[in-house]
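Quick one, fold the following:
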Amino acid sequence: MTSLRVWAPSVRELRVRADGVDTPLDAVGDGWWSGPDLAAGTDYAFVLDGSDEAVPDPASRWQPEGVHGPSRVYDQGGYEWRDAGWAGRDLTAAVVYELHIGTFTEGGTFDSAVERLDHLARLGVTHVETLPVNTVNGVWNWGYDGVGWYAVHEPLGGPDAFKRFVDACHQRGLAVVLDVVYNHLGPSGNYLPRFGPYLKSGRNTWGDLVNVEEPAVRRFIVDNALMWLRDFHVDALRLDAVHALHDDSPTHILAELGAAVDQLSSMVGRPLTLIAESDLNDPVMITPRDQGGYGLAAQWDDDVHHALHSLLTGETQGYYCDFGALSVLAKTFTSAFLHDGTFSTFRGREHGAPIDPTKVAGWQFVVCLQNHDQVGNRAVGDRLAELVTPDVLRVGAVLLLTAPFTPMLWMGEEWAASTRWPFFTSHPEPELAEATGKGRLAEFGDHGWDVSQMIDPQDPEAYRSAVLRWGETADPGHAEMLEFYRSVIALRGAEPDLHATDLTKVRVDFDEAARWLVVHRGSLRVVANLGAGEQRVPIDRDVVPTAVVLASGPAAIDGNAVTLAPSTAAIVRVG
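Numbering: from 1, shown residues only. Now for the predicted structure:
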């Protein structure tokens, strides 16, 4: 049995409708209401004041009929877990794999995704990160339009199926990272304002601001995070766009959330990790709370992505305008951020703050060549494999997977998947569908993308075209790329110097004109030739290269140098 409890300070009278009967709830103070006990599997909804409209529970754990349908009582203890021996994994020496459940497989569900987990285990990744899985309106969606924060999207399989997915990951030694969105709610199915001041005046890029200064709303967020970690056995949360959380409280919501998660981690006896997506370039995210920071474990680092992407593709439009030089890559590889108090041309102002490499470890920065944003927020959703040659893609893979950070792959990247991943929605409301398409056209135009080939996000083909074609992994070119990724990931795991994350011990030598670079990684050197012809790249005056451990193309030791074919990277041991 479940006892109903809901925060609804804006309501004068509150009833619950279950089995065709309306039962009043009791006001118990501070805007809280309590109601009758309901058995698991019971469908129910709330009726507010004099209205006869029944609306879902703001904290519903199950919405089998979608965001506008009744809630269903879910028994959190009903699933029989099989991961009793799971000790968890932190981010040190991690390789993250980001995926979208709906397009990861043809089936588009948690259960069909389980069928591909052995592929991820063989690839060598340690963490599987899913885009948001909470309830959104419509069938397919990226997941960031969630309005039922506590409920798992039914078309993906619902709550038990998500637990089966997490369980299956743990049985294969894979930790699970869940993307959660606390900075806004989606445009359809958001009934929270009818219950109370869950939102406040003002807007961010995606919608009305969440009222994080209100204690009950803060508790709503914290309890949600704890639910995923405790009840669904998730290992980490990626917090979407935390720069869009406007909080003037004495204690920032992220600090409060970090403290609560750390306490739960101690209770359950396994690592629980919070990763912030932030474009602020501010080390406050990962600075310990006793030193005035928020005390999160890690944060995404877009500057490393931009440096790699612009260097490999030559793109310098939009937010890539300050990137593309080897000197920029060298700075990000040693300082994490390019903009650390420096002028950002795209933003038109000084941006960011420097990190202290003696206090911050490289693993605390999650970096990538591609992710859902950097692919999906292009006008046509084209992947890196469509923009560069396979040789250049291999160079990028080597640089990413040997960098002193936590590398993350985007689903299909490991075999250079040919499928694009455009923005897609399935809003049932015609006016919302039209506004979404117009909004994306304007956004892409502002960033300098060619929008002439952009597919309508509401066109079902936008979704269908994004589904991975797993048969490609058997095709020669794709299979070779997959084997290369496996080899680099395996080498990264086997060589402590390649997953070491002390930024004070990283050095990058480069020749801007010749377009070569050497990254010093302990007893190893990561050497890349991005020039148009073969080059003899000097390794170091004081050490002699002894062996080419791995190379993406022709590479040979030549005295104290390595001769590389164009668009080639090599990992060289020195002695």
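
Return the helix or strand in this protein with minimum mean pLDDT.
The least trusted helix or strand in the chain, going by mean pLDDT, DSSP states H and E, turns out to be helix 430-446, with a mean of 75.

Would you mind listing the buried residues in that helix?
For helix 430-446, a neighbour-count test (16 or more other Cβ atoms under 10 Å) marks 432, 433, 436, 437, 440, 441, 444 as buried. No exception for glycine: its C-beta is placed from N, CA and C like everyone else's.

List phi and psi for the nearest residue to residue 43 once chain neighbours are set aside.
Distances taken as Cβ to Cβ, 6 or more residues apart in numbering place residue 70 nearest to residue 43, at 4.3 Å, with adjacent residues excluded. Backbone geometry at residue 70, expressed as degrees, to the nearest 10, gives phi -70, psi 160.

Take the buried residues of helix 430-446 and lay them out in a markdown table including distance to residue 455.
Shown next, in a markdown table, are the buried residues of helix 430-446 (distance: Cβ to Cβ, whole Å):
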| residue | distance to residue 455 |
| --- | --- |
| 432 | 18 |
| 433 | 13 |
| 436 | 12 |
| 437 | 9 |
| 440 | 10 |
| 441 | 11 |
| 444 | 12 |
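
which residues are contacting the host helix or strand of residue 481?
Secondary structure assignment for residue 481, by DSSP states H and E: helix 476-494. Among residues not part of helix 476-494, those counted as contacts by Cβ atoms under 8 Å, 6 or more residues apart in numbering are 93, 95, 122-125, 390, 393-394, 397-398, 401-402, 407, 409, 413-417, 472-473, 498-499, 549-550, 552, 571.

Could you identify the helix or strand that succeeds that helix?
The helix or strand immediately downstream of helix 476-494 is strand 507-511, counting by DSSP H and E.

shaky segments in the chain?
Applying pLDDT under 70 to the chain picks out residues 445-448.

who are the neighbours in contact with the nearest residue to residue 206 once chain neighbours are set aside?
Leaving out its chain neighbours, the residue that sits closest to residue 206 by Cβ to Cβ, 6+ apart is residue 184, at 4.3 Å. Neighbouring residues of residue 184 by Cβ under 8 Å, 6+ apart: 204, 206, 207, 208, 209, 210, 244.

does the closest residue to residue 188 other than its chain neighbours count as helix, strand or coil?
What sits nearest to residue 188 in space, not counting adjacent residues and going by Cβ to Cβ, 6+ apart, is residue 137, at 3.9 Å. Counting by DSSP: H, G, I helix; E, B strand; the rest coil, the backbone at residue 137 sits in coil.

Check residue 34 too.
Put simply, residue 34 is strand when judged by three-state DSSP.

and it, what does it touch?
3, 4, 5, 25, 26, 28.

again, but for residue 462
Each residue near residue 462 by Cβ under 8 Å, 6+ apart is listed here: 422, 423, 424, 455, 456.

residues near the residue nearest to residue 43, how many?
Per other Cβ atoms under 10 Å, the neighbour tally for residue 70 reads 21.

and what of the one 5 residues further on?
Residue 75 has 15 neighbouring residues, counting by other Cβ under 10 Å.

in what helix or strand does the nearest residue to it once chain neighbours are set aside lie?
Excluding the flanking residues, the one nearest residue 75 by Cβ to Cβ, 6+ apart is residue 40, at 3.9 Å. Residue 40 is part of no helix or strand, with elements assigned from DSSP H and E.

From residue 228, how far off is residue 40?
Distance from residue 40 to residue 228, counting by Cβ to Cβ, to the nearest Å: 20 Å.
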